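Participant: Take this sequence and fold it.
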Amino acid sequence: MSFVSGDNSKVEIFAQNNTWLFVPATRIDRIEKAFASGAAAVIVDLEDAVAQEGKAQAREALKNYYDDQNEKHTYQPIWLRINRAGTEAFFEDLALCQQMPKLAGVLLAKAEQAGDIEHVYQFTGLPVIALIESATGLYQIDSMAKATGLAAFSYGFLDLCNDLRVQVGTPSADLIANQIRYQFIVVSKVHKLAPPIDTIYPDFNDEVGLRTRVQLWSQMGMSGMLCIHPKQVATVQQALQPTDKALEFAKRVIEEYERSGQAVFKIEGEMVDAPVIERSRQLLAQ
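Facilitator: Residues are numbered from 1 along each chain as shown. All right, here's what the predicted structure looks like:
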């Protein structure tokens, strides 16, 4: 599948990918467990999760795992988070991608330029998710959104906070986070990318907080979330399920619309028009 600017297939291929679970490249044994968690996509991390002196060994372990899959494992395509463009590790990661032709795609860490995204795509032929982790990257998202090969944006909020000197865990940080989400949502829509993927929730023992976060980004129109622990997967997926009340209302809207053919009508005293009908269709389709 070719990923070019304005390609609607970008949106379609991400439609069901609501949970993106990281696995350190130093723990290849966790890949099968990650898929068993029910995650929609598994990301093997060659960047922050691997110390500089361990990257070569991690690549070799991943290559060996891939080569052994036909004999020992049922193959399931993984995503690979590679190191930032321009580094020696970046080029070595790209070479690894060429040796693993059945990868699902690539996450480019610390993306800042459209040219780097296009370089990854031209070298691998794989869809690219750009991870924005600096003020420069955030400033350049409109330019990067036009890059051939880009499928979606995500971001590393802790790195962004460090670069912007924002104090994590404060109301001010929440304001900045929502502004970042808003920027990604608008740019992604305008350039026909898949809806953006929200950043990690670092406390994997805080189920209540995670549910609140999921409700926030999903209501804003984002498509999924980066996860750092298998236990987060089920919580995210459950939090995304519409309530029985919402489903029943949507069903009644569509039934009345199809029965009457009217563009405007009332259900339970609530005015229903084209946007409500479309939202009901989307809800039932999910």
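
Participant: what does the domain assignment say about this protein?
Facilitator: 9-239, 244-285 (automatic domain parsing).

Participant: Could you give the separation of the longest helix seen in the chain from the chain centroid?
Facilitator: Looking across the chain with DSSP state H, the single longest helix is helix 171-190. Distance, stretch centre to chain centre, for helix 171-190: 15 Å (CA atoms, centre = their mean, to the nearest Å).

Participant: Now do Gln113 against Lys146, distance only.
Facilitator: 12 Å (CB to CB, to the nearest Å). No exception for glycine: its C-beta is placed from N, CA and C like everyone else's.

Participant: centroid residue for the protein?
Facilitator: Closest residue to the average C-alpha location of the chain: Ile197 at 3.4 Å, with CA atoms, centre = their mean.

Participant: Would you map the strands across this protein?
Facilitator: 19-24, 41-45, 79-82, 105-108, 128-132, 150-155, 197-198, 224-227, 265-267, 270-272 (DSSP state E).

Participant: Columns distance to Glu207 and mean pLDDT on top of the ones you listed, output as a markdown table?
Facilitator: Shown next, in a markdown table, are the strands of the chain (distance: least, CB to CB, whole Å; pLDDT from 0 to 100):
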| stretch | distance to Glu207 | mean pLDDT |
| --- | --- | --- |
| strand 19-24 | 14 | 96 |
| strand 41-45 | 21 | 96 |
| strand 79-82 | 25 | 97 |
| strand 105-108 | 26 | 97 |
| strand 128-132 | 25 | 98 |
| strand 150-155 | 22 | 97 |
| strand 197-198 | 16 | 97 |
| strand 224-227 | 13 | 97 |
| strand 265-267 | 34 | 83 |
| strand 270-272 | 32 | 83 |
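
Participant: and of the ones you listed, who's closest to Phe204?
Facilitator: strand 224-227 (8.1 Å; CB to CB).

Participant: Now do that closest one: which elements does it pack against?
Facilitator: strand 19-24, strand 197-198, helix 207-220, helix 230-239 (3 or more CB pairs under 8 Å, 6 or more residues apart in numbering; DSSP states H and E).
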